[in-house]
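Got a predicted model here, sequence first, then my questions.
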Amino acid sequence: MRLRFLPLALIASPLLPATPLAAQRPVADQYRTAANRIINAAMADSNVAWNRMAALVDYSGPRLAGSANLERSIDWMLAEMKKDGLANVRSEPAMVPHWVRGRESITMTQPREADVPMLGLGGSIGTPSQGITAEVLVVGNFDELTRRAAEAKGKIVLFDVPFTDYGATVRYRGAGAVAAAKVGAVASLIRAVGPYGMRTPHTGGMQYDSTVTRIPAAAIAMEDAMMFHRMQDRGQQIVVTLRMDAQTLPDSPSRNVMGELPGREKPREIVAIGGHSDSWDVGLGAMDDAGGIVVAWEAVNLLKRLGLTPRRTIRVVGWVNEENGTRGGLAYRDAHKDEVHALAIESDGGVFAPLGFGFSGSDSARAIIKQVGSLLERIGAGKIGASGGGADIGPIVATGVPSMSLDVDGTRYFWFHHTPADTPDKLNPLDMQKCVAAFAVMAYIIADLPELLPRK
């Protein structure tokens with residue numbers, strides 16, 4: 001790709017004195033040597049990020065907001081960041097929701113007896129102590145439920161919606177209980193939101209509408225949803241007993257965690273990078289999102305070891321409560337609203353083989369980002385997508401900060417997303433080191449440019 005020449009203020013070398021405009025080199029040329037040095041060093045440490053991710057999740061276990069496990073993990077990260085010699089290691093307070101799953105089960109009693117794997121959806125109410133026993137009505141989408149509204153009263157509605165993409169299918173997790181309650185159902189079930197299963201349900205957040213009766217909501221495995229649908233198509237009556245002890249307790253105090261590589265010239269200008277510290281209460285949250293924090297963290301460690309100190313400060317952040325509230329992102333925005341953020345980068349899609357980054361910002365900033373991306377082509381991570389962001393950085397980005405998200409080969413991500421199978425073995429050490437390299441190159445160069453990324 002032929003690189004564009006940029007205005008002098010954006011391409012002045014961090015290593016050489018200012019020279020006339022005609023003599024300036026494109027950003028990619030200025031930083032090629034540093035980028036190659038970063039990539040080489042990242043790929044030489046073949047297991048460092050994977051080992052740290054595994055140590056974190058093995059030590060803490062599942063990390064749902066409000067849990068002791070989450071606070072244990074935050075303490076661990078703070079201690080490890082201090083051992084690494086990061087500057088300004090600290091936590092900042094955030095009040096988070098505290099939902100507790102408790103015991104739960106689904107038992108099919110007709111047309112035969114069987115236990116059915118299930119996971120209650122985050123935020124759901126529980127059932128009465130004796131459970132809810134009712135006939136199941138299977139529908140394929142919201143429109144079918146509307147057409148069959150007269151059949152739904154007093155039943156448990158199951159949305160058997162095949163996975164297409166996350167945005168389209170997750171609507172049934174979020175709004176299924178409200179739609180079912182509106183037609184008189186006593187509980188709501190969804191087919192797990194994922195393209196593949198081994199009878200592993202997927203949990204995740206759901207919402208209620210204050211104008212509609214709240215009913216319990218849970219997910220069952222893809223295979224069982226399909227089985228119920230087949231039974232119904234044959235004219236068989238399906239009866240289950242749903243039991244859930246779920247409850248929502250008062251909000252609980254928690255914390256964002258962060259450490260920094262201070263800038264050498266403009267330390268009060270920030271490039272914020274990271275992921276979220278919490279996970280659901282099943283699995284170990286290795287993909288979602290311990291890996292996201294760790295690759296950003298190791299990117300900062302890598303720059304520190306190489307003696308590459310940019311003009312601006314690079315701050316690695318573990319935002320809390322992404323899964324069921326995004327309170328960490330909101331608290332970060334409020335605590336840092338008076339700072340100048342050059343860029344915010346989030347990883348929350350798994351740390352598989354990196355393809356590049358999504359970017360949201362001005363066209364002139366995109367031209368610079370694309371030059372930086374070209375330096376990552378040797379590890380297959382040079383693509384700069386049409387948009388980038390994330391739930392954690394969303395609040396600070398809404399104030400006008402340019403944003404990016406790590407783009408990876410997510411082919412298998414939703415196989416394990418929000419399931420007990422989100423464990424370290426699903427991630428590849430080599431892929432994680434490529435993610436470290438991509439984060440380190442992008443964060444370093446943007447933090448080192450003579451001027452902030454243009455906002456217009």
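Thanks, I have it. Residues are numbered from 1 along each chain as shown.

and M222, how many neighbours does it have?
23 (other CB atoms under 10 Å). Using the backbone N, CA and C atoms, a C-beta is placed for each residue, glycine as well.

Once you drop chain neighbours, what's closest to it?
Nearest residue to M222, sequence neighbours excluded (CB to CB, 6 or more residues apart in numbering): G197, at 4.0 Å.

just the strands in the stretch 251-400 of the chain please.
Along the stretch 251-400 of the chain, the segments classed as strands by DSSP state E, counting those that start in this stretch run 266-276, 312-319, 340-346, 354-360, 383-385.

Let me have the ones you listed in JSON lines, extended by mean pLDDT and distance to D409.
What follows is the strands of the stretch 251-400 of the chain, written out as JSON lines (pLDDT from 0 to 100; distance: least, CB to CB, whole Å):
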{"stretch": "strand 266-276", "mean pLDDT": "98", "distance to D409": "17"}
{"stretch": "strand 312-319", "mean pLDDT": "98", "distance to D409": "23"}
{"stretch": "strand 340-346", "mean pLDDT": "98", "distance to D409": "18"}
{"stretch": "strand 354-360", "mean pLDDT": "98", "distance to D409": "6"}
{"stretch": "strand 383-385", "mean pLDDT": "98", "distance to D409": "11"}
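
most tightly surrounded among those?
The highest mean neighbour count among these, using mean count of other CB atoms under 10 Å, belongs to strand 312-319: a mean of 29.

Sheet partners, orientation included, of that strand?
If you go by DSSP bridges, strand 312-319 pairs up with strand 247-261 (antiparallel), strand 266-276 (parallel).

mind giving me TSV with the ones you listed and columns for distance to G102?
TSV is the format used below for these (distance: least, CB to CB, whole Å):
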stretch	distance to G102
strand 247-261	7
strand 266-276	24
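
how about these, which one is nearest D233?
For the strands paired with strand 312-319, the distance to D233 is smallest for strand 247-261, at 36.3 Å, taking CB to CB.

May I see the buried residues of the closest one?
Buried residues in strand 247-261, defined by neighbour count with 16 or more other CB atoms under 10 Å: 252, 254-261.

quick one: the spatially most central residue of the chain and F142, what's the gap?
Nearest residue to the geometric centre of the chain (CA atoms, centre = their mean): D348, 2.9 Å. D348 is 27 Å from F142, where distance means CB to CB, to the nearest Å.

my read: K82 touches R90, true?
No: the criterion here is CB atoms under 8 Å, and K82 misses it with R90 at 9.8 Å.

For those two, list the residues in contact with both.
Taking CB atoms under 8 Å, 6 or more residues apart in numbering as the contact criterion, the common neighbours of K82 and R90 are G259.

hmm, back to that, possible to save the strands of the stretch 251-400 of the chain as CSV with distance to A299?
Supplementary listing: the strands of the stretch 251-400 of the chain in CSV, determined by distance: least, CB to CB, whole Å:
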stretch, distance to A299
strand 266-276, 7
strand 312-319, 8
strand 340-346, 10
strand 354-360, 12
strand 383-385, 18
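
Relative to E151, which of those is closest?
Using CB to CB, the strands of the stretch 251-400 of the chain put strand 266-276 closest to E151, at 40.7 Å.

could you give the angle of the closest one to strand 340-346?
20 degrees (axes from the mean of the first three to the mean of the last three CA atoms, to 10 degrees).

would you list every one of the helices in the chain?
For the chain, the helices defined by DSSP state H cover 8-11, 27-44, 48-60, 68-84, 142-147, 149-152, 166-182, 222-233, 291-306, 327-335, 363-374, 394-397, 413-416, 429-448.

Quick one: list the elements packing against the second one.
When you say that, I think you mean helix 27-44. With contacts taken as 3 or more CB pairs under 8 Å, 6 or more residues apart in numbering; DSSP states H and E, helix 27-44 sits against helix 8-11, helix 291-306, helix 363-374, helix 429-448.

Buried ones in it, by neighbour count?
Across helix 27-44, burial judged by 16+ other CB under 10 Å covers 27-28, 30-31, 34-35, 38-39, 41-42.

What count of nearby residues applies to the residue nearest to V136 when sequence neighbours are not counted?
Of all residues not flanking V136 in the chain, I238 sits nearest, at 4.2 Å (CB to CB, 6+ apart). The burial count assigned to I238 is 22, neighbours taken as other CB under 10 Å.

show me the contacts for I238.
I238 makes contact with 108, 110-111, 135-136, 138, 228, 231-232, according to CB under 8 Å, 6+ apart.

I'd like to know which of those residues are buried.
108, 136, 138, 228, 231-232.

Quick check: of the residues you listed, which lies closest to S277?
Nearest to S277 among the buried ones among the contacts of I238, counting by CB to CB, is F228 at 36.6 Å.

Wait, the closest one touches D160, no?
Yes: using CB under 8 Å as the test, F228 is close enough to D160 to be in contact (7.0 Å).

Common neighbours of those two, please.
Joint contacts of F228 and D160 (CB under 8 Å, 6+ apart) are V138.

Could you pull up the residues touching the residue nearest to T203 when sequence neighbours are not counted?
When the adjacent residues along the chain are set aside, T203 lies closest to L119, with 4.2 Å between them (CB to CB, 6+ apart). Neighbouring residues of L119 by CB under 8 Å, 6+ apart: 104, 201-203, 218-219, 282, 419.

Same question for P117.
Residues near P117 by CB under 8 Å, 6+ apart: 106, 199-201, 220-221, 224.

Now, the residues you listed that are in strands?
Counting by DSSP state E, the part of the contacts of P117 found in strands is 106, 220.
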